[in-house]
Structure formats: C-alpha cells, structure tokens
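Peer 1: predicted structure and sequence below. I'll ask about it afterward.
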Amino acid sequence: MKAAVWYKAKDLRVEQVDTPTIKQEHEVKVKVSCCGICGSDLHEYAAGPIFIPVNDPHPISGDKAPIIMGHEFAGEVVEVGSKVSRVKVGDHVAIEPILAPSKDGAYVDEKYNLSPFLGFHGLSGGGGGFSEYTVLGEHMVHPVPEGLSAEQGALVEPAAVALHAVRQSSLKAGDTAAVFGAGPIGLMVIDALKAAGASTIYAVEVSAARLKKAEELGAIVINPKETDPVAKIHELSGGGVDFSFEVTGIPAVLKQCLHSTHTGGEMIIVSIWEEEASFQPNDLVIAERTMKGIIAYRNIYPQVMELMKQGYFSGDQMITSRIGLDDVVDKGFEKLLNDKSQVKIIVTP
C-alpha cells in the first residue's frame, strides 16, 4: 500500500509499504477515509523529532523512525480481531491515536494521556493515517454517529485537544477568555469556549484569513501587527480576561498570553514547543495568576462528537484544502509552512 513515511526533518516520503495485518484478538483493521495534517505533524516535519522515536523503539509500538505519519483520521472498519466488541466490519470510526498501556481492549490508566509511555499512532510508530490501511487496538476506535461525515470524524482528534484544554481550565459560564493563535486548534478552542458558556472571547492572530474565521466563530479579533494585543485586551475587557489559552508555541507569545489575564487569572498552555520559552515568575507570583499545561485529551471523544452533532467544530469552518496522499509534502506540509491562510488540510489516501 501507499503511505507517507517520516525519515527525518524535511524528509517525508510517499512510498510503498507492506499492508498491515491483524495479529492480536483486540485489534481492528481500518481503511483510512481521510486524515488531517496537525500542528504536531508540522513540528515533526519542520524541526523533529519530538514525539517520533529515532534512537530507541517506542515501548508500546516497538517502532522507531522511519515511521508512517498521520494521527488525525477516520476510516471504515474492514476486519476485526476475535475478541473485538466495540465495533464491527463496516462501521465508520474516528481514531483516538494515543499510545498508552492497554489490556483487553481498554486503556489501563484512568488518566492514560499522562502515561510515561505516552505516544501517538502516526507519530510514535505502529502505523498512521497517511496510509491506505492501518491496524489499531479496539480501545482506539470510536463509532462515528450517523449524520457526521468522515471529514468530521477526522476532526474529532484536534477538537478533543481543544475541548480538553477548556475542560481542564477552571472556566465557568459567563467568564471571559483570550485565545492566542487562531490555527486549527485555536479556532476549535474558541468553539469549545462557546460551548462552555464563555461570555466574551478575544482571538489574537497575525493571519488575516484566520482572523476572519475566528470572527465568524464570534470572537473579537486582534492583529498583533497592528496593535499591542495585551493593551488592547485590557482596554476592551476592562482590566484583563479571566482565562487565556496559548496555542502558538512562539516564545514571545507566552508572555503576552500571561499578561492578558487580570490578577488571579489563569493561563492554559496548549501548544507543543520546539524550543524553550522564558517568563518572569513574578508575573505569576505578584498577580497570583495560574499557569497550567495540558497534553492531548482523555475520555472525551463521545462528548466531542455530541457537540459536533450540535454544529460545533464544523469542517465547513476549519477545512481550507483537500489533497491526495501523493501531494502531502508540496501541497500539504510545505503549503502549511508557507501559507498562513491555510487552516486544516485534509489528506485522502
């Protein structure tokens, strides 16, 4: 079969690989319908490895680079192991790609996203969504409700990140928030904040196209090229927001995001970082602010899909381009690096 294989930074090759087969009784074989290019994928392509194992095999997948990429995907079940009970052949499924200890078709730990062995199918080996077929544990597949398309199924993974970020915050209905970065995750954080009842949401972004999408979602938009975003947020909010969400991974933005909150405010770091970022601890201490990080998600896919049925996390708002697997490098990764009007690019194998 055809797959996109990561060898090293800036070396992603579309090539023929062996079609995977079911080897264990709780495994499911999926024919991939479509797969989104994630910001994490982009980090790995541009400056990796980050999650991709290079020197030693991942303890769960048993693989190291070269590995097949792609972890935001949906597909159709074409074969199941002898003890699979969650899905059947013909089911359309969204993939929860977290690699963490599992047993008998279920994750072992309650907070499995915090496992010291954390990895991702499509980043840490075991196969991936930038391929025609892949094999996963049944704990990693979720039936897509009737009425949701395969593309919506591929958006469940990034939407889960956004919803988990908001749910891990202390936000209550009526609170105010600022989102720094209006890429795919940032836009979905805006939607998650709306679902959680945030009264006012500010979006800080340099791309005019992404600002337009944030505005369409109901956010008050701020372009940091035109004005000081911290001063503007304080002016508009009357002293700072209750919560801020950092979704850029840019060191300078970390400080802006922190300073956009009022005394006693809370900042959630959603980004995966390529480099270190500094801040003055007194900005936390003297203002009694809180800074919190989140990684991925847990036990949240059903809730995401229920919100999708209500119109949240819509592919019509997020997807800006659709390409074939052969074009994944030039029209996918390179386009995302160089064209900030792009939001979510969907790859169909």
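Peer 2: Right, received. Where do you want to start? Numbers count the residues shown, from 1 in each chain.
Peer 1: where do the helices of this structure begin and end?
Peer 2: 39-47, 150-168, 184-196, 208-216, 229-237, 251-259, 282-285, 301-309, 315-318, 334-338 (DSSP state H).
Peer 1: list the buried ones in the first one?
Peer 2: Residues of helix 39-47 classed as buried under the neighbour-count rule (16 or more other CB atoms under 10 Å) are 39-45. Heads up, the C-betas are built off the backbone N, CA and C, glycines and all.
Peer 1: let's see that helix as PDB, backbone CA atoms only.
Peer 2: Output in PDB follows, covering the C-alpha atoms of helix 39-47 (Å, rounded to 0.1, in the frame of the first residue of the first chain):
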ATOM      1  CA  GLY A  39       0.300  21.200  14.000                       C
ATOM      2  CA  SER A  40       2.300  18.400  15.800                       C
ATOM      3  CA  ASP A  41       2.900  16.800  12.400                       C
ATOM      4  CA  LEU A  42       4.100  20.100  11.100                       C
ATOM      5  CA  HIS A  43       6.600  20.500  14.100                       C
ATOM      6  CA  GLU A  44       7.900  17.000  13.300                       C
ATOM      7  CA  TYR A  45       8.300  17.700   9.700                       C
ATOM      8  CA  ALA A  46      10.000  21.100  10.200                       C
ATOM      9  CA  ALA A  47      12.100  20.500  13.200                       C
END
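Peer 1: now do the residue most central in space within the chain, the pLDDT please.
Peer 2: The chain has Pro158 as the residue nearest its centroid, 3.2 Å off, counting by CA atoms, centre = their mean. Predicted confidence (pLDDT) at Pro158: the value is 97.
Peer 1: who touches it in this structure?
Peer 2: Residues near Pro158 by CB atoms under 8 Å, 6 or more residues apart in numbering: 36, 38, 72, 184-185, 188, 344.
Peer 1: same question for Ile272.
Peer 2: Applying CB under 8 Å, 6+ apart, the residues near Ile272 are 39-40, 43, 50, 249.
Peer 1: what's the closest of the helices of the chain to Asp326?
Peer 2: For these, proximity to Asp326 was assessed by CB to CB; helix 334-338 is nearest, at 13.7 Å.
Peer 1: counting neighbours, which bits of that closest one end up buried?
Peer 2: In helix 334-338, counting by 16+ other CB under 10 Å, buried: 334-336.
Peer 1: please apply the same query to stretch 192-212.
Peer 2: Buried residues in stretch 192-212 (16+ other CB under 10 Å): 192-196, 198, 200-205, 207, 210-211.
Peer 1: stretch 229-237 now?
Peer 2: Those would be 229-230, 232-234, 237, for stretch 229-237 by 16+ other CB under 10 Å.
Peer 1: how near is Ser102 to Asp109?
Peer 2: When distance is defined by CB to CB, to the nearest Å, Ser102 is 9 Å away from Asp109.
Peer 1: any idea of the pLDDT on Gln317?
Peer 2: 89.
Peer 1: returning to what we had before: looking at Ser102 and Asp109, which one has more neighbours?
Peer 2: Ser102 (18 against 13; other CB atoms under 10 Å).
Peer 1: picking up where we left off before, make JSON lines out of the buried residues of helix 39-47 and add pLDDT.
Peer 2: Formatted as JSON lines, those follow (pLDDT from 0 to 100):
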{"residue": "Gly39", "pLDDT": "88"}
{"residue": "Ser40", "pLDDT": "89"}
{"residue": "Asp41", "pLDDT": "94"}
{"residue": "Leu42", "pLDDT": "93"}
{"residue": "His43", "pLDDT": "89"}
{"residue": "Glu44", "pLDDT": "95"}
{"residue": "Tyr45", "pLDDT": "96"}
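Peer 1: mind giving me JSON lines with those and columns for distance to Tyr312?
Peer 2: Listed next are these as JSON lines, based on distance: CB to CB, whole Å:
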{"residue": "Gly39", "distance to Tyr312": "20"}
{"residue": "Ser40", "distance to Tyr312": "22"}
{"residue": "Asp41", "distance to Tyr312": "23"}
{"residue": "Leu42", "distance to Tyr312": "24"}
{"residue": "His43", "distance to Tyr312": "26"}
{"residue": "Glu44", "distance to Tyr312": "28"}
{"residue": "Tyr45", "distance to Tyr312": "29"}
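Peer 1: which residues touch the spatially closest residue to Glu96 that is not a sequence neighbour?
Peer 2: Excluding its sequence neighbours, the residue lying closest to Glu96 (CB to CB, 6 or more residues apart in numbering) is Met140, at 5.0 Å. Neighbouring residues of Met140 by CB under 8 Å, 6+ apart: 28, 95-98, 121.
Peer 1: could you measure from Met140 over to Ile52?
Peer 2: Counting by CB to CB - Met140 and Ile52 are separated by 18 Å.
Peer 1: per the record, what domains does this protein have?
Peer 2: Following the assignment in automatic domain parsing, the chain carries domains at 2-143+314-348, 160-293.
Peer 1: measure the longest one end to end?
Peer 2: By that I understand domain 2-143+314-348. End-to-end distance for domain 2-143+314-348: 11 Å, by CA to CA, to the nearest Å.
Peer 1: try stretch 5-16
Peer 2: So stretch 5-16: terminal residues 9 Å apart, CA to CA.
Peer 1: give the buried residues for it.
Peer 2: Applying 16+ other CB under 10 Å to stretch 5-16 flags 5-6, 12, 14 as buried.
Peer 1: related to what we said a few turns ago, now the buried residues of stretch 229-237 in TSV, with pLDDT and distance to Ser169?
Peer 2: As requested, the buried residues of stretch 229-237 are exported to TSV (pLDDT from 0 to 100; distance: CB to CB, whole Å):
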residue	pLDDT	distance to Ser169
Pro229	98	20
Val230	98	19
Lys232	98	22
Ile233	98	17
His234	98	20
Ser237	98	17
